[in-house]
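**Q** Sequence first, predicted coordinates after that:
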Amino acid sequence: MGLRTICCCLRKADNCCMAISSFIRDAYRMVAGERHALRAFGGRLVYMEETPVGCSALVKHDHAEYDRALKVWEPDTEELMYYLAKGAEHGRGNQI
């Protein structure tokens, strides 16, 4: 196997990993706001954590509009890994 073939395979693998990562991140949203508002997500709630100024949570994204009182953003890799792991620790199972 030549160097050109190896580079081509690595480029394809990198593109595949980026697509998978994007697909997984698109399935979730980080949400920050008041506790009662985040509890309303029910079964879509993966894990919620209280902070000094409110709560933040990872929720399954259903592409619906969110309450304007909530701050909503796409999770970065660190947030995704942390909240999925914490959710699994607290009996939320595999959420992917």
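**A** The structure has been received and is ready for your questions. Numbers count the residues shown, from 1 in each chain.
**Q** so where's the protein uncertain?
**A** 1-4, 6-21, 92-96 (pLDDT under 70).
**Q** Could you double-check that Y83 sits in contact with T77?
**A** No - counting by C-beta atoms under 8 Å, Y83 sits too far from T77 to count as a contact (11.2 Å). C-beta: built from backbone N, CA, C; applies to glycine.
**Q** neighbour count winner among those two?
**A** Shown here are Y83 and T77; by other C-beta atoms under 10 Å, Y83 has more neighbours (23 against 10).
**Q** If we ignore the residues flanking it in sequence, what's nearest that one?
**A** L58 (3.5 Å; C-beta to C-beta, 6 or more residues apart in numbering).
**Q** Tell me who's in contact with that neighbour.
**A** Residues near L58 by C-beta atoms under 8 Å, 6 or more residues apart in numbering: 28-31, 45-47, 75, 79-80, 83-84, 87.
**Q** which one of the residues you listed is nearest G54?
**A** For the contacts of L58, the residue nearest G54 by C-beta to C-beta is V31; the value is 10.3 Å.
**Q** ok, then the element right after the helix or strand that contains the closest one?
**A** Here V31, judged by DSSP states H and E, is contained in strand 28-33. Following strand 28-33 in sequence order, the next helix or strand is helix 35-39 (DSSP H and E).
**Q** Which neighbouring elements make contact with that following helix?
**A** Under the contact criterion of 3 or more C-beta pairs under 8 Å, 6 or more residues apart in numbering; DSSP states H and E, helix 35-39 touches strand 45-51, strand 54-60.
**Q** So for I24, which of those strands sits nearest?
**A** Across the helices and strands packed on helix 35-39, closest to I24 is strand 54-60 (C-beta to C-beta), at 11.4 Å.
**Q** what's the angle between the closest one and strand 28-33?
**A** 160 degrees (axes from the mean of the first three to the mean of the last three C-alpha atoms, to 10 degrees).
**Q** on that earlier part again, just the residues contacting the strand holding V31, thanks.
**A** 38, 41, 46, 51, 54-61, 66-67, 69-75, 79-80, 83, 95.
**Q** Whichever of those count as buried, I'd like them selected in PyMOL; how would that read?
**A** Buried residues within the contacts of strand 28-33, by 16 or more other C-beta atoms under 10 Å, are selected in PyMOL with:
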select buried, resi 38+41+46+55+56+57+58+59+61+66+70+75+79+80+83+95
